Structure formats: structure tokens, C-alpha cells
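Participant: attaching a predicted model along with its sequence, questions to come.
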Protein chains: 2
Amino acid sequence: MKCEIVTIGTELLLGDTVNTNAAWLSRQLALYGISLYQQRTVGDNRKRIVKVLRESLEENDIVITTGGLGPTVDDITRECAAEVLGADLVINTEALEKITGFFKSRGYEMAENNRKQAMFPAGSTILDNEVGTAPGCLFEKGNKTLVLLPGPPHELTHMFELHIIPYLEKITGTIIHSRTVRVCGIGESEMEKYVLDIIEASQNPTVAPYASMGECKTQNYSFS
Amino acid sequence: MKCEIVTIGTELLLGDTVNTNAAWLSRQLALYGISLYQQRTVGDNRKRIVKVLRESLEENDIVITTGGLGPTVDDITRECAAEVLGADLVINTEALEKITGFFKSRGYEMAENNRKQAMFPAGSTILDNEVGTAPGCLFEKGNKTLVLLPGPPHELTHMFELHIIPYLEKITGTIIHSRTVRVCGIGESEMEKYVLDIIEASQNPTVAPYASMGECKTQNYSFS
């Protein structure tokens, strides 16, 4: 089971936002034993988003995107996904009702551009967003799955836990066990001597030494 | 001038480390007006690092990597770069002396595996690391530049400021001006109405609205 995370947003490419979403999602995938070989970040540009989604879907079983599901003209992930999937972008009336209700319950009038947040590639499973206006979607095509999630971290984590974890539990049964040994007083290279036999011998567990400020770490990952 | 950032390390793919390096480097590149269309993260895997470096160098003028310059067996960025560049991996005696000196000055004996930190693709300009043992390198081939920098953030930022900023100042003269307008009381879609004319009209400045916890932001980027 191979996955790729594609985080979308020009703010990430300008370094205005640190990509905590990629780290958080990666950690969740590791817990479910899903191999993640690459993370990519692209800006709000149709040509480049389409190219990256196409390549990612070709090389992976699951592609998870974050970002670009907002109501404004720079939010184009839905359109790009529809193009890559060869599906029409259609309005989902149930999603539209929920978005309208979201504003109504807070005493606001819905802006016209929020309507586009209810548009998804035809055939998608819509993923409710209970903490924001951007629903996500999950699209299965053959043995490939494309998941679109919003960028704001509190919306992303909420929706991942609500919708994607049950989906992953259904399709996989492997868990990664991870253990970190923190060391101070010796450097990374000296530390390696003590664990070189397990580094060299095995694929499971895998062991890697890291240097950080004030400490070195040996991290051990095993699968079951 | 197109650049790509390739951050290397399995710890990033497992979500154990938040990729602050990518954000910090992106911000620096933006200040120097260098277009960054993609960031990629790969693990400590030779086949995949080589593939990503090959693709990145094909599509960009400058590729900057972080990570994989340590002394341990999982640190393979040097080897992968040599393969992609078609250059031999050779020991740089000056770099080796500096690494040896680094340990001597601290009263430690250098471990044998630190020798490999002085090995770089033949033809590289070695980038001194005054705050750690991992030198970096800069390799120019035709009109392409590959820069290898270490992963620990304090080493990366130090070396970027010391070596790469003067290099960028030499090859470019453009700067991005960025301004953020923070808004509360209205949502992202309502806010867009006030700036839609500049969003739609122009490439310079570019304007994008973002939703965050407790506020919305309109960010404006212009080039000069």
C-alpha cells in the first residue's frame, strides 16, 4: 500500500507557512503501516497541480491532498482533481445544504463563492467538514484512491480522524512500531558503532541515527 | 530562475520531524526572487533520491537538498548526487582536515565513519560547516546548479547564510515584496469581495486570501 501526500498552497512555497500538515498526515499513515515514499508541495497553479496529481496517482495507491478547497478563486484543487480523474465537476446538493446551514447557524449570509465548495468530481464520496465550510472528498478509480482534504490544520485533522482513519482501518492491517533512544555525550558517528549490526542486518526493524541540538537519537521502526 | 527544494530523510516521511527547513529555505529563495514551484521530500533510499534529483535537475536551474550528509550509513545524499551528476565521489583533503580539526578542537577522537563526510562529487565547490561536521557542496554543470546542505537546522541556516546567499546575490537581482492584511469578523469568501479586482487583474502583484484560526489573511506579493 503506497501513498503520497501532496500539500497545495503558494503560502507553503513562499515559506509563510510551515508544513505541519505533511508531518501530521505522515505520522498517521505510519501508524497504519502505509508506505509513504514522497511528499510534494505545489502552489495554487492549475498546470502544476494537475501534473503532480497525475504523476502521484500513477506511482501510488492512495494520494492525499491538503489545501485549495476554500471558496476563493485561488482554490482550484477540486477542478484539478476533476481534470485528472476525467470526471465532471458537479454540485453536490447535500454538501451545499450543509455549507448553507453552517453560515445560517452562525447568523451569517453565505457568500455566492462558497457555492463552489460544494462542487466535486462526479462519483466522489463527500467528506463532511463539521468545523469549517470546506467539505473534502474521496474518489476511488480502479485500485487508486484520491482524497482531497482542506488546508487549515484543525479542519484537516478533524476530517482525517472522522473519515480517513475508518477508511484506512478497512483497507490495511499493519502497524509501525517506533522507538527513539536519546543519547548525549557522544556524537552521531560514535553512536552508530553500537547499533551498526542492526542497521546493516535488517529491513525489519530499520534503525537510523540522527543528530539534533544537544542530543543524538537512534530511531527504530518495526512492522507487524 | 527556477529552483526546487528536496528535503531528504526518512524521519520527515514518518512525521517525526516537521519540515521547518523547507519553509525556511523557501522564504530565503522568495527574498531573492527565485521561483520555487515545488518542494519534495524523500527518505534515505538511494533509488528514490536518485530519481527525484534527476527529475528536479531536469526541470529546474537550481536544486537545493537538505539532509543525508551525516557520517552514518543511512546518509547517502553525496553518493546519490555523484551518480546523478555522473561524477566520481572523491575525498577532499581540505574538508577532511577541517572535520579532523573539528573533533580535535573539542578533545574528541574522530570516528572512522566521519571520513565519508569529506567525500564529494569530483568538481564540487566544498561549503565549510563551522557549526557541525558535515560540509556541504555546490556543483555547477552547464546551466544547472546542485547544492547539498546538511539537515540539522542550525547547520543549514548557518551555511545558507554564509555560502548560498552570496551565490544568489551574484546570480539574481530580483526581490519579492510581501504584505499580509489580517482580518477578523468576516470569513475568507466575504473578504475576497474587497480584493477580487486585484486578484483577477494581475500577475504582479499576486494576491491570495487565506483562512486561519481566528483570522483571515490577504497576502500580497509583488516583484521588483
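Facilitator: Done, it's in.
Participant: for the rest of this, base every contact and every neighbour count on C-alpha atoms.
Facilitator: Will do.
Participant: which residues of chain A fall in helices?
Facilitator: A:10-13, A:20-31, A:46-59, A:77-85, A:93-105, A:153-159, A:165-171, A:188-201 (DSSP state H).
Participant: point out the most buried one among those helices.
Facilitator: Burial of the helices of chain A is given as mean neighbour count (mean count of other Cα atoms under 10 Å in any protein chain shown); helix A:10-13 ranks first at a mean of 23.
Participant: please enumerate residues in contact with it?
Facilitator: A:17-19, A:41-44, B:23, B:26-27, B:36-39 (Cα atoms under 8 Å, 6 or more residues apart in numbering or on different chains).
Participant: please narrow those residues to those residing in strands.
Facilitator: A:41-42, B:36-39 (DSSP state E).
Participant: who are the contact partners of residue A:151?
Facilitator: Per Cα under 8 Å, 6+ apart, neighbours of residue A:151: A:8, A:21, A:66-69.
Participant: residue A:89 contacts residue A:77, correct?
Facilitator: No - Residue A:89 is beyond contact range of residue A:77, at 11.2 Å (criterion: Cα atoms under 8 Å).
Participant: and for the closest residue to residue A:181 other than its chain neighbours, the neighbour number?
Facilitator: In space, residue A:181 comes closest to residue A:218 once its chain neighbours are excluded; the distance is 5.1 Å by Cα to Cα, 6 or more residues apart in numbering or on different chains. Neighbour count of residue A:218, defined by other Cα atoms under 10 Å in any protein chain shown: 18.
Participant: for residue A:218, give its distance to residue A:198.
Facilitator: With the distance defined as Cα to Cα, to the nearest Å, residue A:218 ends up 11 Å from residue A:198.
Participant: list residues touching both of those two?
Facilitator: What both residue A:218 and residue A:198 touch, as defined by Cα under 8 Å, 6+ apart, is the set residue A:207.
Participant: shaky segments in chain A?
Facilitator: A:173-178, A:202-203, A:213, A:220-224 (pLDDT under 70).
Participant: which one in it is furthest away from the centre?
Facilitator: residue A:185 (37.3 Å; Cα atoms, centre = their mean).
Participant: tell me what the residue nearest to it when sequence neighbours are not counted is bridged to.
Facilitator: Of all residues not flanking residue A:185 in the chain, residue A:215 sits nearest, at 7.7 Å (Cα to Cα, 6+ apart). With DSSP bridges as the criterion, residue A:215 is bridged to residue A:212.
Participant: what is the burial count for residue A:215?
Facilitator: Close neighbours of residue A:215, defined as other Cα under 10 Å, add up to 14.
Participant: I figured it was touching residue A:181, is that so?
Facilitator: No - Residue A:215 is beyond contact range of residue A:181, at 10.1 Å (criterion: Cα under 8 Å).
Participant: next, the buried residues of stretch A:54-73.
Facilitator: For stretch A:54-73, the neighbour count (16 or more other Cα atoms under 10 Å in any protein chain shown) marks A:54, A:56-57, A:60-73 as buried.
Participant: what's the first-to-last distance across that stretch?
Facilitator: From its first residue to its last, stretch A:54-73 covers 22 Å (Cα to Cα).
Participant: how far is that stretch from where the chain is centred?
Facilitator: 8 Å (Cα atoms, centre = their mean, to the nearest Å).
Participant: ok, that stretch near chain B or not?
Facilitator: Yes - shown here: stretch A:54-73 in contact with chain B (Cα under 8 Å from any Cα of the partner chain) through A:70-72.
Participant: OK, contacts around residue A:114?
Facilitator: By Cα under 8 Å, 6+ apart, the contact list for residue A:114 reads A:70-72, A:99, A:133, B:189.
Participant: show me the contacts for the residue lying closest to residue A:70 once chain neighbours are set aside.
Facilitator: For residue A:70, the nearest residue in space outside its immediate sequence neighbours is residue A:134; the separation is 6.0 Å by Cα to Cα, 6+ apart. By Cα under 8 Å, 6+ apart, the contact set of residue A:134 is A:69-71, A:99, A:117-118, A:150.
Participant: wait, residue A:9 sits on residue A:67?
Facilitator: Yes - using Cα under 8 Å as the test, residue A:9 is close enough to residue A:67 to be in contact (6.2 Å).
Participant: next one: the closest residue to residue A:18 other than its chain neighbours from residue B:135, what distance?
Facilitator: Nearest residue to residue A:18, sequence neighbours excluded (Cα to Cα, 6+ apart): residue B:23, at 5.4 Å. Per Cα to Cα, residue B:23 is found 22 Å from residue B:135.
Participant: can you pull the contacts of residue A:92?
Facilitator: A:118-120.
Participant: quick check: the gap between it and chain B.
Facilitator: 19 Å (Cα to the nearest Cα, to the nearest Å).
Participant: can you check residue A:121 too?
Facilitator: From residue A:121 to chain B the distance is 22 Å (Cα to the nearest Cα).
Participant: swap in residue A:128?
Facilitator: From residue A:128 to chain B the distance is 18 Å (Cα to the nearest Cα).
Participant: skip the chain neighbours and tell me the closest residue to residue A:211.
Facilitator: residue A:188 (5.7 Å).
Participant: sorry, that was for residue A:50
Facilitator: Leaving aside its chain neighbours, residue A:50 sits nearest to residue A:80 (5.4 Å; criterion: Cα to Cα, 6+ apart).
Participant: I'd say that neighbour and residue A:52 touch.
Facilitator: No - taking contacts as Cα under 8 Å, residue A:80 lies outside contact range of residue A:52: 10.1 Å.
Participant: what touches both of the two?
Facilitator: In contact with both residue A:80 and residue A:52: no residue, using Cα under 8 Å, 6+ apart.
Participant: quick one: contacts for residue A:184?
Facilitator: Taking Cα under 8 Å, 6+ apart as the test, what residue A:184 contacts is A:214-216.
Participant: actually residue A:186, not the one I typed
Facilitator: By Cα under 8 Å, 6+ apart, the contact list for residue A:186 reads residue A:216.
Participant: show the backbone phi and psi for it.
Facilitator: phi -130, psi 160 (degrees, to the nearest 10).
Participant: quick revisit: please give me every residue in contact with the residue nearest to residue A:18.
Facilitator: A:12-19.
Participant: and what of residue A:137?
Facilitator: A:120, A:124-127, A:147-149.
Participant: got JSON lines for these, with distance to residue B:170 and neighbour count too?
Facilitator: As requested, the contacts of residue A:137 are arranged in JSON lines below (distance: Cα to Cα, whole Å; neighbours: other Cα atoms under 10 Å in any protein chain shown):
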{"residue": "A:120", "distance to residue B:170": "47", "neighbour count": "28"}
{"residue": "A:124", "distance to residue B:170": "50", "neighbour count": "20"}
{"residue": "A:125", "distance to residue B:170": "51", "neighbour count": "14"}
{"residue": "A:126", "distance to residue B:170": "50", "neighbour count": "21"}
{"residue": "A:127", "distance to residue B:170": "49", "neighbour count": "20"}
{"residue": "A:147", "distance to residue B:170": "43", "neighbour count": "22"}
{"residue": "A:148", "distance to residue B:170": "41", "neighbour count": "25"}
{"residue": "A:149", "distance to residue B:170": "41", "neighbour count": "28"}
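Participant: perfect, I'm done here.
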